[in-house]
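>>> here's my sequence, what's the structure:
(chains A, B and C)
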Amino acid sequence: MTDTQRYITVDDVSFGYEANQLTLDSISLIIGRGEFVAVIGPSGCGKSTLLRLLAGLVEPTRGKLTVDGQPICGPGLDRAVVFQDYSLFPWMTCRDNIVLALEQAKLGANKTERRQIALDFLSLVGLAQDGDKLPGQLSGGMRQRTAIARALAINAPILLMDEPFGALDEITRARQQDLLLDLWQGGQGDEKAGKTVFFVTHDVEEAVILGDRVMVMGTRPGRLVRDIQVTLPRPRTRMGSLQHPNFSPLRDLLLNELNLVVDELLLPGSSHGAHI
Amino acid sequence: MNSLDAKSRLYGLMSFLVIVIFLAGVYGLLTDVLRLPNAVLFPGWQKIIPAFGLSFKQLLEGLASSMGLLAPAVAASVLTGVAAGVIIGLRPKIEAVLLPFIRAMNPLPSTMLIPYAIAVMPTFWFSSWIIIYIGVLWPVLMNTLHGIAMLEPRWIDNARCLNLTGRHLVFKVVLPGAMPQIFAGINAGLIRSFLLLTVAEMIGSKAGLGYFVQYYADFAKYDRVIVGMIWLSFIVVLIMTLFDLLKKRILYWTKKR
Amino acid sequence: MKKLAAWPILSALVCLLAVQAEAQPLKLGRNQGGTQTLPILAINEKYFQEQGLDVELVMFLGTSDGINALNAGKIDVGLSFGTGSPLTFAAEGAPIVIIAGNLAGGHPIITKPENASKFKSVNDFKGKVVGTPRLYTADVVFRGAVFRAGLKPGADFELIEFRRTIDVLEAVKSGKIDVGIGSSSITAGAIEAGLAIPLWSNDLFAYHPCCRIITTKEVLEKRRPELVKLIRGLLLAEKKFDQDPEAAVKANEEDLKIDENLSRTLTLDPHIQLAVDPNTKGVVTMWDYMKESQYITSDADPKTFIDTSLYKEALDDLKKQQPDDPFWTILEKRFQDWN
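Alright, predicted model coming up:
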């Protein structure tokens, strides 16, 4: 494998807050540069924990994580994180939130320039008029768009997204998915702008619409169950993907996998239940 | 929208005044008209109102003197309380060690501190000052620690992801995030400072809001005591209203969530 | 017919209520800190019991609290609320009556030992920083004395007011004031701290009245016989103290929960004079002092707040019972001199 293909590696990683109870057990995973990986699984499977490990917010109990050959030690501005909510500081305007991130990333020569960059990225997500508003004055969808604008503004090669649309209503979520597809696909092909995305969701359709690959995780302890390539053509749109003949079989396959995972939970004496 | 706000505010003020006038009327009926027995402790308005006129200059002097004591003491408490709160609060191990000491500080009766304050501080004014300082420090420090402990964990994650550290972390995230709780602490501290004024002004004072009430109580001039208490309440309400305005300004981001 | 039948029942009820009232103990208010040798000795020697009087002691933290309780009818008699406070309350129209005395003199004026030689008379306060506990007996005595010596606070010396004598003590110890007007309750503490007592309040006003026995007009009207019994008991205690002071040392030791030596120092302090005499002349002088220091603005006659008839009656009773005892003759003479 080339370096490009082994951009992010997770090598036999286990994680547990208590020694005898693992949240994640022996996860191994390789993500190539520019890949969009969606992770799906029932709640409690540790998918968010995996994201926090990649972000460097927590350290593994066992195993190793690397980015571009370097081990991950602590958070870094090379990995922009978008959380479900609370990504923005509520006491700063949307623009100031982005300006702060730019300051930290040492982008923009001075305050004026940073404010301009912030505005540019806000217009990119359709919020040109809302820079001076506080996050609390925006709808959930607008807040998440601001968070994405911030993640893009600092120009990190890796985007870690933890159920970013999970708290949004159906229609808003659909729009955000299209926006994300647009932004991400717009950067692909350009070696420098192309971003590697690790996207956690609990929504099967969302995973298929967005991802190049979908990882299915199981619970107790959290582990990888399946790694499925999404055979939908790029560039995609949400509608286009939904209408593509490959969509339904993929969705059914994933739902089936998830069902198996959930069934194991419900049926005592199942194979995995035995060694818990 | 704004005019409706003003209207309802006016309505609230009117209701408040009606209640005040009603209570004053009941008191007047019991004292001036029915002449309840203990006229020393419960003087009627006939005595209180002239006493207000006679005391007015002294009340203004008292206000100036008390504010000259309160403002530096409260300001020092807030500055050091918040600073110490941040320094300790961001270091959980140190906090665990210090917490028993901080908790033990609270129930110390301030009157018992007077002889110590006189012995340790360089002047009587500083002795009074430290009584208020210590009294206000506690709620500010405790609430700052609490505010930091209660910070939304995602804000901290977020700050870490942005590599915010040191001064930036404190001023951009920790302080603003803990600010609602810090303000609750200052609020409690302010109220406490007014209670402590009577104690602090026992030490070699010649004027002050607490001194005024205390002085005339010693001389059984309860008409002046009541004047002093009404004046003190008025000042407290005024200051707390101003404080609320300041709070709304600084905590602008909490209201529309 | 019915009305007639109701009368006996009603009068029986009234009698019952009266008996009920009579059965209530006389509630005596005292102040924390000071010594109350005579009342304590009287209780210890069961003098009140002998007189057929039931008493109950109630403790207060401050004199104004005690006097307010007396005014509100929560207690019947004040034992140790000083002279100044009762007079200010009376001046404000509270129905306070002084019926007897308790102690006289006995308040220390404290300073650091190196300054002790500087204070020999009232004129030596000139140019000094003086701390005083507002409205304490010694404070009134001091203010009256400096006024009569022609010294003005602020102009001739600096006067710093406190509300408690323990704070005056601390201010002297830390050197923030040159000299402090104290009270008998801090004498022991001042000596222990190595301070000097160059003057006593007695030196400024000999035998100045201190704690007076006070009551209200209402109690005086309703329970006069009991109040006379109270004074008789106190007079017996004064006699006991005269003949056997060690009994008082022991009584105070138990009451104040202190060791014997300290109790002896406090009880037998030569500057304190125990006297049940109401001392009208002394009280009137105190009133004048208070007017001179602008503590009181009332034009009332202070004699209207003093009723010596109960004391006279009690003394006469005892004299009748023990006609040969010279002690009562001495007290009779003192009564004539002081009132």
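>>> please name the nearest non-neighbouring residue to residue B:144.
residue B:85 (2.6 Å; Cβ to Cβ, 6 or more residues apart in numbering or on different chains). Heads up, the C-betas are built off the backbone N, CA and C, glycines and all.
>>> same question for residue C:167.
Of all residues beyond its chain neighbours, the one nearest residue C:167 is residue B:114 (5.4 Å), with distances taken as Cβ to Cβ, 6+ apart.
>>> which pLDDT value goes with the one you found?
pLDDT for residue B:114: 86.
>>> where does the prediction get shaky in the stretch 101-250 of chain A?
Residues of the stretch 101-250 of chain A that meet the criterion pLDDT under 70 lie in A:187-193.
>>> now do 50
For the stretch 101-250 of chain A, no stretch has pLDDT under 50.
>>> can you give me the strands in it?
Under the criterion DSSP state E, counting those that start in this stretch, the stretch 101-250 of chain A contains strands at A:158-162, A:196-201, A:213-218, A:223-229.
>>> now do residue B:50 against residue B:227, distance only.
Distance, residue B:50 to residue B:227, using Cβ to Cβ, to the nearest Å: 10 Å.
>>> quick check: residue B:89 touching residue B:143?
No - counting by Cβ atoms under 8 Å, residue B:143 is not a contact partner of residue B:89; they are 10.5 Å apart.
>>> who's more crowded, those two?
Set residue B:89 next to residue B:143 and count neighbours by other Cβ atoms under 10 Å in any protein chain shown: residue B:143 wins out with 25 against 21.
>>> confidence score at the residue sitting nearest the centre point of chain C?
The residue lying closest to the centre of chain C (Cα atoms, centre = their mean) is residue C:211, at 0.8 Å. For residue C:211, the pLDDT comes out at 89.
>>> ok, it to chain A distance?
Remark: distance between residue C:211 and chain A (Cβ to the nearest Cβ, to the nearest Å) = 63 Å.
>>> residue C:39 versus that residue, what's the distance?
Taking Cβ to Cβ, one finds residue C:211 at 10 Å from residue C:39.
>>> again, but for residue B:93
Relative to residue C:39, and taking Cβ to Cβ, residue B:93 is found at 59 Å.
>>> comparing these two, which residue is more hemmed in?
residue C:39 (26 against 7).
>>> ok but that one is inside a helix, no?
Yes - applying DSSP: H, G, I helix; E, B strand; the rest coil, one finds residue C:39 inside a helix.
>>> phi, psi of whichever residue of chain B sits closest to chain A?
Residue of chain B nearest chain A, by Cβ to the nearest Cβ: residue B:154 (3.5 Å). The phi/psi pair for residue B:154 (degrees, to the nearest 10) reads phi -70, psi -30.
>>> same question, the one 10 residues further on
In terms of degrees, to the nearest 10, the main-chain angles of residue B:164 are phi -80, psi 130.
>>> now do residue C:119 against chain B, distance only.
Taking Cβ to the nearest Cβ, one finds residue C:119 at 20 Å from chain B.
>>> that residue touches residue C:110, doesn't it?
No - contact criterion Cβ under 8 Å: residue C:119 and residue C:110 do not qualify, at 9.8 Å.
>>> looking at these two, which one has more neighbours?
Taking neighbours as other Cβ under 10 Å, residue C:119 and residue C:110 compare with residue C:110 leading, 31 against 21.
>>> now that one: which helix or strand?
strand C:108-111 (DSSP states H and E).
>>> the residue nearest to residue B:144 contacts residue B:139, correct?
No - Residue B:85 is beyond contact range of residue B:139, at 10.8 Å (criterion: Cβ under 8 Å).
>>> neighbour-wise, which of these two wins?
residue B:85 (28 against 22).
>>> wait, isn't residue B:184 in contact with residue B:143?
Yes - with contact defined as Cβ under 8 Å, residue B:184 reaches residue B:143; the gap is 5.4 Å.
>>> please enumerate the strands of the stretch 201-339 of chain C.
Using DSSP E, counting those that start in this stretch, strands in the stretch 201-339 of chain C cover C:212-216, C:272-274.
>>> to chain B, which of those strands lies closest?
Between those, strand C:212-216 lies closest to chain B; by Cβ to the nearest Cβ that is 10.7 Å.
>>> partner strands of the closest one, with direction?
strand C:77-78 (antiparallel), strand C:96-101 (antiparallel) (DSSP bridges).
>>> and that strand, what's buried?
Within strand C:212-216, the residues that qualify as buried are C:212, C:213, C:214, C:215, C:216, counting by 16 or more other Cβ atoms under 10 Å in any protein chain shown.
>>> residues near residue B:20, how many?
10.
>>> list the buried residues in the helix or strand hosting it.
For residue B:20, the host element (DSSP H and E) is helix B:2-28. Buried positions in helix B:2-28, judged by neighbour count with 16+ other Cβ under 10 Å: residue B:27.
>>> returning to what we had before: and residue B:50 and residue B:227? which has more neighbours close in?
Applying other Cβ under 10 Å to residue B:50 and residue B:227 shows that residue B:227 carries more neighbours, namely 27 against 12.
>>> quick one: contacts for the more buried one?
For residue B:227, the contact set (Cβ atoms under 8 Å, 6 or more residues apart in numbering or on different chains) comprises B:48, B:51, B:52, B:55, B:59.
>>> give me the low-pLDDT residue ranges for the stretch 1-150 of chain B?
Looking at the stretch 1-150 of chain B by pLDDT under 50, you get B:1.
>>> all helices in it, in order from the N-terminus.
B:2-28, B:45-89, B:92-105, B:110-120, B:124-149 (DSSP state H, counting those that start in this stretch).
>>> how about a markdown table for these, with distance to residue A:61 added?
A markdown table is the format used below for these (distance: least, Cβ to Cβ, whole Å):
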| stretch | distance to residue A:61 |
| --- | --- |
| helix B:2-28 | 56 |
| helix B:45-89 | 28 |
| helix B:92-105 | 21 |
| helix B:110-120 | 51 |
| helix B:124-149 | 26 |
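>>> please identify the most buried of these.
Among those, helix B:124-149 has the highest mean neighbour count (mean count of other Cβ atoms under 10 Å in any protein chain shown), at a mean of 23.
>>> now the angle from it to helix B:45-89?
Helix B:124-149 runs at 60 degrees relative to helix B:45-89, counting by axes from the mean of the first three to the mean of the last three Cα atoms, to 10 degrees.
>>> which helix runs longest in chain A?
Secondary structure of chain A read by DSSP state H shows that its longest helix is helix A:247-266.
>>> show me what that helix is packed against.
The contact analysis (3 or more Cβ pairs under 8 Å, 6 or more residues apart in numbering or on different chains; DSSP states H and E) places helix A:247-266 against helix A:204-210, strand A:213-218, strand A:223-229, helix A:271-274.
>>> repeat the analysis, applying 10 Å as the threshold.
Counting contacts by 3 or more Cβ pairs under 10 Å, 6 or more residues apart in numbering or on different chains; DSSP states H and E, helix A:247-266 packs against strand A:36-40, helix A:204-210, strand A:213-218, strand A:223-229, helix A:238-243, helix A:271-274.
>>> dump these into a markdown table; add mean neighbour count and distance to chain B as well.
Shown next, in a markdown table, are these (neighbours: other Cβ atoms under 10 Å in any protein chain shown; distance: least, Cβ to the nearest Cβ, whole Å):
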| stretch | mean neighbour count | distance to chain B |
| --- | --- | --- |
| strand A:36-40 | 25 | 18 |
| helix A:204-210 | 24 | 21 |
| strand A:213-218 | 23 | 21 |
| strand A:223-229 | 16 | 24 |
| helix A:238-243 | 15 | 28 |
| helix A:271-274 | 11 | 31 |
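>>> let's have those in CSV, adding distance to chain C.
Output for the helices and strands packed on helix A:247-266, formatted as CSV (distance: least, Cβ to the nearest Cβ, whole Å):
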stretch, distance to chain C
strand A:36-40, 70
helix A:204-210, 72
strand A:213-218, 70
strand A:223-229, 71
helix A:238-243, 78
helix A:271-274, 71
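>>> nearest to residue A:129, out of the ones you listed?
When the helices and strands packed on helix A:247-266 are compared by Cβ to Cβ, helix A:238-243 sits nearest residue A:129, at 24.8 Å.
>>> what sits up against the closest one?
A:173-181, A:205-206, A:208-210, A:230, A:232-234, A:236-237, A:247-248, A:250-251 (Cβ atoms under 10 Å, 6 or more residues apart in numbering or on different chains).
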